[in-house]
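In: I'd like to go over a predicted model; first the sequence, then the structure.
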Amino acid sequence: MSTINNLKIGVLGGGQLGKMFCIAASNLHLNTYILDRSADFPAGTVCSKFIEGNFKDYDDVYRFGQQVDVLTIEIEHVNTDALLQLEKEGKQIHPSPSALNIIKDKGLQKQFYKEHQLPTSSFELYDSKEAILDAVNTGKLSLPFVQKSRTAGYDGKGVVVIKTMEDLDKVLATASVVEPLVAIQKELAVIAARSPKGEVKTFPVVEMEFNPTANLVEYLFCPANISESQDKALHQLAAQIIETYDICGLLAIEFFLTTENEVLINEVAPRPHNSGHHTIDSAHTSQYEQHLRAILNLPLGNTENLQAAVMVNLLGEDGFKGAAQYTGLEDCLKIDGAHLHLYGKAETKPFRKMGHATVVDTDLQSAKRKAIHIKETLKIIASESK
C-alpha cells in the first residue's frame with residue numbers, strides 16, 4: 001500500500017461520479033486530482049486537488065495528464081486525441097483511449113458488437129435527419145424505431161422514439177444510429193471490472209425502471225427478478241464484453257431482455273455508472289472502490305450483495321429551475337435502511353440528477369415500498385418556478 005499512496009490519480013470530470021470516486025479513494029488515503037470547469041462542481045469539495053479546465057480541450061487534457069500518474073474518466077465525452085498522445089508517452093490511462101473512441105460513438109459501438117458477434121439489435125447508420133426521413137418515405141425504414149445520436153447523448157438526451165408518422169417531427173438533426181423498437185420484457189445491467197493482470201469480476205445483475213418522461217433510470221432493483229440461467233448467461237456475457245474491449249477498470253453494460261427471452265446489448269459505459277450506485281451501501285465492495293482497485297492493478301474486491309437493495313434517483317422537480325431546495329428530507333432520514341446521497345449541485349432543473357437514495361433490506365419488496373415513499377416524499381425544488 002505504501003507505493004500507491006504516493007500516486008496521483010487523475011479524473012476527467014468533476015460531477016457526482018467523480019465525487020463518489022474521490023470519497024472511495026479517501027478511504028485508502030489516495031491522492032485524487034480532478035479536471036473540470038469549476039471547483040463548485042460536486043467533486044470539488046472531496047478531491048485532493050481540483051484543476052479548472054475543459055476535459056474536451058486538447059491542451060487542458062494534455063497538461064492535466066502530465067501532472068498525474070494514472071488517468072481515468074467519469075464521462076466519455078473527453079478529448080481522446082490528448083489521451084492517445086499521453087498514452088504514447090507512457091501514461092497509464094484507463095479505459096484505453098482506443099476503446100473510449102469506440103464507446104463514445106454509438107455507431108462504432110454497434111459495429112463493434114456486430115464484428116465480434118456479440119448479441120445486439122439490428123441497426124442502420126444515418127448521417128442526417130433528411131436521410132432518415134428519406135428512408136421512411138421510400139420504405140427502407142419502417143416504424144416504429146428508436147433514433148440515438150451517435151455522440152454526446154446521456155441521461156435520456158439524444159434519444160427519441162418514433163412510433164407514428166406524426167412523431168417524425170421529433171427526429172434529431174444529427175448523425176444517428178437507428179434501431180427497431182424492440183419488444184422489451186426487462187432492462188437489465190451488469191457492471192464488470194477488469195485489472196491489467198487480467199482478473200475479472202462482475203456485480204450482481206440489476207433491473208432498471210425508467211422515468212417515462214425523462215427517459216432515464218428512476219428505480220433500480222437488486223437482485224433482478226430473472227431466472228438462474230439468465231443470471232449466469234448475463235455474467236458470462238459481461239465478462240466476455242469487457243475482455244473483448246480490452247478495458248481495465250469498470251464497464252457498465254445495459255441489456256435488453258426481450259419478450260422472446262433474448263438478451264441484447266443496448267450500450268455500455270467504461271466507468272462507474274448509475275446502475276451501480278447502490279453498491280456503496282449494499283455490496284462488500286462499491287463500484288467506486290472496485291474501479292480504483294482495477295485501474296491500480298490491485299486485487300479486485302468481493303462483489304456479492306450484503307442485502308437486497310433498491311436505488312431511486314432523486315431528480316429535480318418538473319417546473320423548477322434555480323437554487324436547489326430539499327423538502328421532506330427529515331422524514332426520509334427516519335426510514336430504516338435508507339441511505340441518502342445528495343450530490344451538492346447548486347442549481348436544480350427539471351429531471352436533473354440531484355442525488356440518489358438506496359434502501360437496503362432483507363426483503364426486496366419491503367425495500368421497494370420504502371424507496372417509493374422516498375420518491376414521493378423528498379422533493380427537490382427551487383425558490384422560483386421555471
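Out: Received it, and whenever you're ready, just let me know what you need. It should be emphasised that the depicted structure is a prediction, and the values quoted were computed from it without experimental measurement.
In: which residue packs closest to the residue most central in space within the chain, ignoring adjacent ones?
Out: For the chain, residue 273 is the residue whose C-alpha lies nearest the centre (C-alpha atoms, centre = their mean; 3.1 Å). Distances taken as C-beta to C-beta, 6 or more residues apart in numbering put residue 252 closest to residue 273, at 3.3 Å, once the chain neighbours are dropped. All C-beta atoms are positioned from the backbone trio N, CA, C, and that covers glycine.
In: Could you check the pLDDT of that neighbour?
Out: On pLDDT, residue 252 comes in at 98.
In: Please identify the buried residues of the helix or strand that contains it?
Out: Assigned by DSSP states H and E, residue 252 falls within strand 249-258. By 16 or more other C-beta atoms under 10 Å, the buried positions in strand 249-258 come out as 249, 250, 251, 252, 253, 254, 255, 256, 257.
In: Could you do stretch 137-156 as well?
Out: Those buried within stretch 137-156 under the rule 16+ other C-beta under 10 Å are 141, 145, 146, 147, 148, 149, 150, 151, 153, 155.
In: Please produce TSV containing those, extended by distance to residue 345, secondary structure and pLDDT.
Out: Shown next, in TSV, are the buried residues of stretch 137-156 (distance: C-beta to C-beta, whole Å; DSSP: H, G, I helix; E, B strand; the rest coil; pLDDT from 0 to 100):
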residue	distance to residue 345	secondary structure	pLDDT
141	39	coil	97
145	34	strand	97
146	29	strand	96
147	29	strand	97
148	26	strand	96
149	24	strand	96
150	28	coil	95
151	24	coil	91
153	20	coil	74
155	13	coil	66
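In: can you redo these as CSV with distance to residue 209?
Out: Shown next, in CSV, are the buried residues of stretch 137-156 (distance: C-beta to C-beta, whole Å):
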residue, distance to residue 209
141, 29
145, 23
146, 18
147, 22
148, 20
149, 23
150, 27
151, 27
153, 20
155, 15
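In: tell me which of those residues is nearest to residue 47?
Out: Taking C-beta to C-beta as the measure, residue 47 lies nearest residue 155 of the buried residues of stretch 137-156, at 22.7 Å.
In: do you know how far residue 227 is from residue 144?
Out: Look at residue 227 and residue 144: by C-beta to C-beta, to the nearest Å, they are 28 Å apart.
In: I misspoke; the intended subject was residue 231.
Out: From residue 231 to residue 144 the distance is 30 Å (C-beta to C-beta).
In: any idea which helix or strand carries residue 59?
Out: Here residue 59, judged by DSSP H and E, is contained in helix 58-67.
In: elements contacting the following helix or strand past that helix?
Out: Next along the chain after helix 58-67, taking DSSP H and E as the criterion, comes strand 70-73. If contacts are counted by 3 or more C-beta pairs under 8 Å, 6 or more residues apart in numbering; DSSP states H and E, strand 70-73 sits against strand 8-12, strand 92-93, helix 287-295.
In: can you do 7 Å?
Out: Under the contact definition 3 or more C-beta pairs under 7 Å, 6 or more residues apart in numbering; DSSP states H and E, strand 70-73 sits against strand 8-12, strand 92-93.
In: Turn the ones you listed into a markdown table, including mean pLDDT.
Out: Below are those laid out as a markdown table (pLDDT from 0 to 100):
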| stretch | mean pLDDT |
| --- | --- |
| strand 8-12 | 98 |
| strand 92-93 | 98 |
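In: Out of the ones you listed, which is closest to residue 355?
Out: Checking the helices and strands packed on strand 70-73 against residue 355 by C-beta to C-beta gives strand 8-12 as the closest, at 19.7 Å.
In: Report the buried residues of the helix ranked longest in the chain.
Out: Counting by DSSP state H, the longest helix found in the chain is helix 228-245. Counting neighbours by 16+ other C-beta under 10 Å, one finds that the buried residues in helix 228-245 are 230, 231, 234, 235, 237, 238, 239, 241, 242, 245.
In: go on, stretch 203-215?
Out: For stretch 203-215, burial by neighbour count (16+ other C-beta under 10 Å) applies to 203, 204, 205, 206, 207, 208, 214.
In: Likewise for stretch 81-89?
Out: 82, 83, 84, 85, 86, 87.
In: next one: that stretch to chain centre, how far?
Out: Here the centre of stretch 81-89 is set off from its chain's centre by 24 Å, with C-alpha atoms, centre = their mean, to the nearest Å.
In: now do stretch 338-358
Out: Distance, centroid of stretch 338-358 to centroid of chain: 15 Å (C-alpha atoms, centre = their mean).
In: picking up where we left off before, so which of the buried residues of stretch 203-215 comes closest to residue 197?
Out: Of the buried residues of stretch 203-215, the one sitting nearest to residue 197 (C-beta to C-beta) turns out to be residue 203, at 19.3 Å.
In: In contact with that closest one: list those residues for me.
Out: 190, 191, 276, 279, 283, 287, 303 (C-beta atoms under 7 Å, 6 or more residues apart in numbering).
In: Could you double-check that the last one sits in contact with residue 205?
Out: Spelled out, it's residue 303. No: Residue 303 is not in contact with residue 205 according to C-beta atoms under 7 Å; the separation is 11.2 Å.
In: in which helix or strand would I find residue 136?
Out: Element membership for residue 136, per DSSP H and E: helix 129-137.
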